[in-house]
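Colleague: Need a 3D model of the following:
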Amino acid sequence: MPVTSLMGLFASTDAPLILCWTLASWMLWRAQVTNRLHYWLLCGMACGIGLLGKYTMAAFALTAIWTLWGVPGPKRGVLRIGPWLTVAVAGALLAPNIWWNVQNDFPTLAHTAEITTDSTRSGGIAAVARFLGGQVAMLGPL
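Modeller: Coordinates of the predicted model:
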């Protein structure tokens, strides 16, 4: 608990991501059940803002595909305007960010590649022990 409380003091892109994912999920469900365009529009806005916060929001597409086929509603699938409206709105919100990345030689991609491939972690028993010790420390006194 103390470590979790301490970590809560730091700014992170995960909080807006979770908020946008939740809002997008709710709007997607409402859109699928009612097939009303304003829900598709709101879903696109939540997805676009979520993508601006963290590109991990793109994984929401997997949830969306399952929902479009698996949740009953007036219509199913992608052969209607609603899902494409969502994609267009999200894309329009993300477009300035993509354009900036293009103009500046993709620093976001370069940073992600750098932190992914430039690792000094070696593994082994000591690394496993440190990881498990950290997990136990986060449990707190209870």
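Colleague: Just give me the longest helix of the chain.
Modeller: Longest helix of the chain, by residue count under DSSP state H: helix 81-103.
Colleague: For that helix, enumerate the helices and strands it packs against.
Modeller: Counting contacts by 3 or more C-beta pairs under 8 Å, 6 or more residues apart in numbering; DSSP states H and E, helix 81-103 is packed against helix 14-34, helix 37-53, helix 60-70, helix 107-117. Bear in mind the C-beta positions are built from the backbone N, C-alpha and C, glycine included.
Colleague: hmm, 6 Å instead?
Modeller: Applying 3 or more C-beta pairs under 6 Å, 6 or more residues apart in numbering; DSSP states H and E, we find helix 81-103 packed against helix 37-53.
Colleague: now this protein, which segments are flagged as low pLDDT?
Modeller: Applying pLDDT under 70 to the chain flags the ranges 1-13, 118-122, 140-142.
Colleague: Please name the nearest non-neighbouring residue to the most centrally placed residue in it.
Modeller: In the chain, the centroid-proximal residue (C-alpha atoms, centre = their mean) is Met57; its distance is 2.3 Å. In space, and not counting its chain neighbours, Met57 is closest to Gly50: 3.5 Å by C-beta to C-beta, 6 or more residues apart in numbering.
Colleague: Could you do Tyr39 as well?
Modeller: In space, Tyr39 comes closest to Ala31 once its chain neighbours are excluded; the distance is 3.6 Å by C-beta to C-beta, 6+ apart.
Colleague: any idea how far Ala95 lies from Leu42?
Modeller: Look at Ala95 and Leu42: by C-beta to C-beta, to the nearest Å, they are 19 Å apart.
Colleague: Pull the number of nearby residues for the closest residue to Met27 other than its chain neighbours.
Modeller: Distances taken as C-beta to C-beta, 6+ apart put Cys43 closest to Met27, at 3.8 Å, once the chain neighbours are dropped. Neighbour count of Cys43, defined by other C-beta atoms under 10 Å: 29.
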